[in-house]
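*Asks:* build me a model:
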Amino acid sequence: MSGYLTTHVLDTARGVPAAGMRITLTRLTGGARVVLTTVTTNADGRTDAQILPAEAFATGEYELEFAVGDYLAANGLPTGFLDTVPLRFTMGAEEHYHVPLLVSPFSYSTYRGS
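*Replies:* Now for the predicted structure:
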């Protein structure tokens, strides 16, 4: 079994998928930050491909940075509280990691999905 990473972003203020949100994946290794990819969510609030596919998977510490402020501004929602939302997590086994984000102008939440 090979591991991989996916996400899904939902705009809970409007009750819709967060289409057009920029997401950056960074690997954190020994104090170094290596940007692996930057993607944008599609109309379903997902990325068109896995953010980290099986052939690039490695266990370790990662960070997803969601450009929430830019998304809110582009959609006429209140800005000024949330800007970039970083989610730091560890992938310790070769399996599917799904890290969704639920976001509104004044709050966000996440969980390990399936």
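
*Asks:* run through the strands of this protein in chain order.
*Replies:* Listed in chain order, the strands found in the chain under DSSP state E are 4-6, 9-11, 16-17, 22-29, 32-40, 60-67, 84-91, 96-98, 101-104, 107-110.

*Asks:* okay, now the unreliable bits of this protein?
*Replies:* 1 (pLDDT under 70).

*Asks:* dump the strands of the chain into JSON lines; add mean neighbour count as well.
*Replies:* All C-beta spots, glycine's among them, are computed from the backbone N, C-alpha and C. Putting the strands of the chain into JSON lines (neighbours: other C-beta atoms under 10 Å) gives the following:
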{"stretch": "strand 4-6", "mean neighbour count": "20"}
{"stretch": "strand 9-11", "mean neighbour count": "22"}
{"stretch": "strand 16-17", "mean neighbour count": "15"}
{"stretch": "strand 22-29", "mean neighbour count": "17"}
{"stretch": "strand 32-40", "mean neighbour count": "12"}
{"stretch": "strand 60-67", "mean neighbour count": "18"}
{"stretch": "strand 84-91", "mean neighbour count": "14"}
{"stretch": "strand 96-98", "mean neighbour count": "17"}
{"stretch": "strand 101-104", "mean neighbour count": "20"}
{"stretch": "strand 107-110", "mean neighbour count": "14"}
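
*Asks:* so which of those gets nearest Gly76?
*Replies:* Taking C-beta to C-beta as the measure, the strands of the chain were each checked against Gly76, and strand 9-11 came out nearest at 11.7 Å.

*Asks:* just checking, what packs against the closest one?
*Replies:* Secondary structure elements in contact with strand 9-11, counted by 3 or more C-beta pairs under 8 Å, 6 or more residues apart in numbering; DSSP states H and E, are strand 16-17, strand 101-104.

*Asks:* how about a cut-off of 10 Å?
*Replies:* With contacts defined as 3 or more C-beta pairs under 10 Å, 6 or more residues apart in numbering; DSSP states H and E, strand 9-11 has these neighbours: strand 16-17, helix 68-74, strand 101-104.

*Asks:* show me what contacts Ile23?
*Replies:* By C-beta atoms under 10 Å, 6 or more residues apart in numbering, the contact list for Ile23 reads 7, 9, 37-41, 47, 51, 64-67, 85, 87, 99, 101.
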